[in-house]
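In: please find the sequence and the predicted model below.
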Amino acid sequence: MTEALDFLRDSPLTWVFVTLLAYRAGLWVRARTQGHPVAQPVLVAAALIIALLSVLGIDYDVYMSGGSLIHLVLGPATVALAVPLHRQAHHLREMALPLAVALPAGALVSIGSAVLTVRALGGGEALENTIAPKAATTPVAIGIAENIGGVPALVAVFTMLAGMLGAVFGPWVLDRLGVQDRRVRGLAMGAASHGVGTSRSLHDSIVEGAFAGLAMGLTALLTSLLVPVVVALI
């Protein structure tokens, strides 16, 4: 029995199954709560997995033996977001100016505010370099952090946290600001909360989801270009 349990614990397929089951539980919670903002599937799944690993005393590295297999599909999943964007391509011309102004400004604010906040709280250079690319989607943020001296494992945490907070509170903030244009809402969600926010936007509206996917991709590109410059300047 002990050998069987050890095999299951160390098998990557076990943790792939656990991750998928936890996400399915998140979808169930969202359906049962009628789409409550806090009931984001990714947030629920992360909480369940963290609780399970803590109770069982499983190391993160053991979990990632299977979690890394799911991580591999993040790239193709991100590219697949181009499909809804292609279907909304007729909107792009009229949104060219907002895209050209808002996304670079948003990327600069995200990077600069992250670095300055860490510095004000007494954090070191490694932490600054870790949190700086949090506005990019996870695979891109990890790559940026590796190149500028950040901690890749920790930047994944910050990136996911930014995404989950944006998915939970982003629509509420946009509602309070009176932003009703689905295209603008999508740009804001994708730029601020990348993949998780884009998933939330796709759930709310196909147009919003398409522009969130566009904003996520462009913000990742801008972040990769701007992070080294901003970090060097400040």
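Out: That came in fine, so what should we check first?
In: how about the longest helix anywhere in the chain: buried residues?
Out: If you go by DSSP state H, the chain has its longest helix at helix 206-233. For helix 206-233, burial by neighbour count (16 or more other Cβ atoms under 10 Å) applies to 207-220, 222-224, 226-228, 230-231. C-beta: built from backbone N, CA, C; applies to glycine.
In: is V109 in a helix, a strand, or coil?
Out: Here V109 is helix, with the state taken from DSSP: H, G, I helix; E, B strand; the rest coil.
In: pLDDT score for it?
Out: According to the prediction, V109 has pLDDT 87.
In: so how far is R176 from it?
Out: 19 Å (Cβ to Cβ, to the nearest Å).
In: looking at the two, which one has more neighbours?
Out: Comparing V109 with R176 by neighbour count (other Cβ atoms under 10 Å), the higher total belongs to V109, at 13 against 8.
In: how near is the more buried one to P12?
Out: Separation of V109 from P12 (Cβ to Cβ) stands at 39 Å.
In: go on, G150?
Out: 26 Å.
In: of the two, which one has the most company?
Out: Set side by side, G150 and P12 show more neighbours around G150, with 25 against 16, by other Cβ under 10 Å.
In: where does V140 fall, phi/psi-wise?
Out: Recorded main-chain torsions at V140 are phi -70, psi -40, according to degrees, to the nearest 10.
In: tell me the contacts of it?
Out: Applying Cβ atoms under 8 Å, 6 or more residues apart in numbering to V140 gives the contacts 133, 220, 223-224.
In: now what about stretch 99-106, what contacts it?
Out: For stretch 99-106, using Cβ under 8 Å, 6+ apart, the contacting residues are 92, 135, 187, 191-192, 214-215, 218-219, 222, 226.
In: including distance to W28 and pLDDT, could those go into a markdown table?
Out: Listed next are the contacts of stretch 99-106 as a markdown table, based on distance: Cβ to Cβ, whole Å; pLDDT from 0 to 100:
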| residue | distance to W28 | pLDDT |
| --- | --- | --- |
| L92 | 36 | 69 |
| A135 | 30 | 79 |
| L187 | 30 | 86 |
| A191 | 30 | 85 |
| A192 | 27 | 84 |
| L214 | 30 | 82 |
| A215 | 29 | 85 |
| L218 | 33 | 83 |
| T219 | 31 | 86 |
| L222 | 36 | 87 |
| L226 | 39 | 86 |
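In: can you pull out the helices in this structure?
Out: Along the chain, counting by DSSP H, helices occupy 2-10, 12-32, 41-56, 60-71, 74-80, 82-87, 96-120, 125-131, 138-148, 152-176, 182-204, 206-233.
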